[in-house]
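# Pasting the sequence and the predicted model now:
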Amino acid sequence: MQQAVDTMWHEYKQYNSNAFRQQLILRYSGLVKYVVRKMIKNFPQAIEEGDLHQIGILGLCEAIERFDPAYGIKFETYAIPRIKGSIIDELRKLDWVPRSLRAKLNNIREKAVEMDQKFSGNYTEAEMANGLGIEVSDLHNWKKDVNAVNVYSLDKPIDDSNKQNLYDVIEDFDYVSANDKIEDDEMKRILLKAIKKLPEKTRLAITLYYYEKLTFKEIGKILSVSESRISQIHSETMSRLRKEITKMTYA
């Protein structure tokens, strides 16, 4: 059985085979059910299990795409935090404005409509604040909070000339030069080779911290050890990896 699974991974990673990718999704789909059933208990009844399952499948697909058997850890251990994270991230996107801020936004909109009708659009901030039952300074703070979550189009002109849009003047921090990419790929190769020499539990801790962005506390729960122990493992491993990388780099 394990040999068949290893074959699936090899064929998918070696040849990017869509057929084997589908087989891997089917094989590990039970992980999604496991995560959803544990998480659904903590969510409102309005959230349906089927919706979470669909989101979780996307997380599973991403985990399959990013997983490298060379990590030296079980795929299940790697995938479960990613599936859980994808569900949490998607739920946040569905209602990413905090409830208190949404209430402020609705109050301002409703009061603005009322004031427009009452004063034909000719009213002061003091009158608006009075209508909301707050101070003018509070109204300013409300507007700042609301503006902080507004979404702006990058196609919007930055001035009346219409010659430049926002995307023309925003720096692309994701741009990577060809030379930097080659150096980065080489460093990743060296780092992966060094990580493969680590004990299994240490490899898993480092993978969860740097690849999955989990905290020491979260990793400790997964590995059933204390947070301080994970911190110790991290410090010792970083020192060890630096020595290994130095050896490989100048070998």
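Everything's here; your move.

# Tell me where the model's unsure across the stretch 51-200 of the chain.
92-102, 145-185 (pLDDT under 70).

# make it 80
70-72, 90-106, 109, 113, 116-121, 142-197, 200 (pLDDT under 80).

# all helices for the stretch 101-250 of the chain, in order.
Secondary structure of the stretch 101-250 of the chain, counting by DSSP state H, counting those that start in this stretch: helices at 125-132, 136-148, 166-169, 178-195, 200-210, 216-223, 227-249.

# Including mean neighbour count, could the ones you listed go into CSV?
For glycine as for every other residue, the C-beta is placed from the backbone atoms N, C-alpha and C. Compiled in CSV, the helices of the stretch 101-250 of the chain are given as follows (neighbours: other Cβ atoms under 10 Å):
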stretch, mean neighbour count
helix 125-132, 15
helix 136-148, 13
helix 166-169, 11
helix 178-195, 12
helix 200-210, 18
helix 216-223, 17
helix 227-249, 14
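
# can you tell which of these is closest to residue 80?
Among those, the nearest to residue 80 by Cβ to Cβ is helix 216-223 (8.4 Å).

# That closest one - contacts with which helices or strands?
Here helix 216-223 touches helix 75-94, helix 200-210, helix 227-249, going by 3 or more Cβ pairs under 8 Å, 6 or more residues apart in numbering; DSSP states H and E.

# give me that answer again for 7 Å
Applying 3 or more Cβ pairs under 7 Å, 6 or more residues apart in numbering; DSSP states H and E, one finds that helix 216-223 contacts helix 200-210, helix 227-249.

# Which of those sits closest to residue 70?
Of all these, helix 200-210 comes closest under Cβ to Cβ, at 10.0 Å.

# contact partners of the closest one?
71-73, 77-78, 81, 195, 214, 219, 222-223, 230, 233-234, 237 (Cβ atoms under 7 Å, 6 or more residues apart in numbering).

# one more time with 10 Å, if that's ok
Residues outside helix 200-210 that contact it (Cβ atoms under 10 Å, 6 or more residues apart in numbering) are 67-68, 71-74, 77-78, 81, 191, 195-199, 214-216, 218-220, 222-225, 229-230, 233-234, 236-238, 240-241.

# Tell me how far that helix lies from the chain's centre.
Put simply, helix 200-210 sits 18 Å off its chain's centre (Cα atoms, centre = their mean, to the nearest Å).

# Could you do stretch 197-213 as well?
With Cα atoms, centre = their mean, you get 18 Å for stretch 197-213.

# CA-only coordinates of that stretch in PDB, if you can.
What follows is stretch 197-213, C-alpha atoms only, in PDB (Å, rounded to 0.1, in the frame of the first residue of the first chain):
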ATOM      1  CA  LYS A 197      19.900  15.300   7.900                       C
ATOM      2  CA  LEU A 198      17.900  16.400  10.900                       C
ATOM      3  CA  PRO A 199      15.900  14.000  13.100                       C
ATOM      4  CA  GLU A 200      12.300  13.500  12.100                       C
ATOM      5  CA  LYS A 201      10.700  15.500  15.000                       C
ATOM      6  CA  THR A 202      13.200  18.400  14.400                       C
ATOM      7  CA  ARG A 203      12.400  18.400  10.700                       C
ATOM      8  CA  LEU A 204       8.700  18.600  11.400                       C
ATOM      9  CA  ALA A 205       9.100  21.400  13.800                       C
ATOM     10  CA  ILE A 206      11.200  23.500  11.400                       C
ATOM     11  CA  THR A 207       8.800  22.700   8.500                       C
ATOM     12  CA  LEU A 208       5.700  23.800  10.500                       C
ATOM     13  CA  TYR A 209       7.400  27.000  11.700                       C
ATOM     14  CA  TYR A 210       8.900  28.200   8.400                       C
ATOM     15  CA  TYR A 211       6.600  26.700   5.800                       C
ATOM     16  CA  GLU A 212       3.300  26.700   7.700                       C
ATOM     17  CA  LYS A 213       4.000  29.800   9.800                       C
END
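
# what sits up against stretch 48-57?
25, 28-29, 31-37, 39-40, 43, 79, 82-84, 86-91, 93-94.
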